[in-house]
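Trainee: What follows is a predicted protein model with its sequence.
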Amino acid sequence: MTTFSKRLKKARKARGISQERLGIDAGIEPASASARMNQYEKGIHQPGESIVKQIAAVLNLPTAYFYCEDDETAHLLQCFHLLKAKDRKDVVDLVENLAFRN
């Protein structure tokens with residue numbers, strides 16, 4: 001399994017939706033939605049960038065989430081994505097202060 005396929009399956013299951021529903025909501029033809037999502041989750045095929053963006057939108061995740069190799073970074077991206085603009089700025093300021101303090 002690829003990093004993408006593992007993250008996709010985990011995110012879909014966390015949302016409690018079927019492969020077919022996710023595929024359809026992401027704009028995949030209903031007749032092939034389930035099969036294509038199954039192939040993506042098994043790592044048999046890799047979706048193109050536009051499909052990944054559509055899947056991310058349906059799951060309310062940033063596209064980068066699907067490519068993070070470690071769980072901690074993926075979780076941070078997931079949380080950051082859900083924040084409002086002002087809160088994002090506060091988080092970036094905090095991280096910069098922590099990362100670059102003497």
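Mentor: Yep, it's here.
Trainee: Any idea how many residues pack against residue 22?
Mentor: Residues near residue 22, counting by other C-beta atoms under 10 Å, number 24. C-beta: built from backbone N, CA, C; applies to glycine.
Trainee: And it, which helix or strand is it part of?
Mentor: Assigned by DSSP states H and E, residue 22 belongs to helix 19-25.
Trainee: From the contact counts, what lies against whatever helix or strand comes next after that helix?
Mentor: Scanning forward in sequence from helix 19-25 by DSSP H and E, the next helix or strand is helix 30-42. Secondary-structure packing of helix 30-42 (3 or more C-beta pairs under 8 Å, 6 or more residues apart in numbering; DSSP states H and E): helix 3-15, helix 19-25.
Trainee: Tell me which residues touch residue 95, please.
Mentor: By C-beta atoms under 8 Å, 6 or more residues apart in numbering, the contact list for residue 95 is empty.
Trainee: Model confidence score at it, please.
Mentor: Per-residue pLDDT puts residue 95 at 93.
Trainee: quick one: low-confidence ranges for the chain?
Mentor: Residue ranges of the chain with pLDDT under 70: 102.
Trainee: Can you give me the buried ones in the longest helix along it?
Mentor: In the chain, taking DSSP state H as the definition, the longest helix is helix 85-99. By neighbour count on 16 or more other C-beta atoms under 10 Å, the buried set for helix 85-99 is empty.
Trainee: what are the phi and psi angles of the residue nearest to residue 2 when sequence neighbours are not counted?
Mentor: Counting by C-beta to C-beta, 6 or more residues apart in numbering, residue 2 lies nearest to residue 43, which is 4.4 Å off, once chain neighbours are set aside. Phi and psi for residue 43, reported as degrees, to the nearest 10, are phi 80, psi 10.
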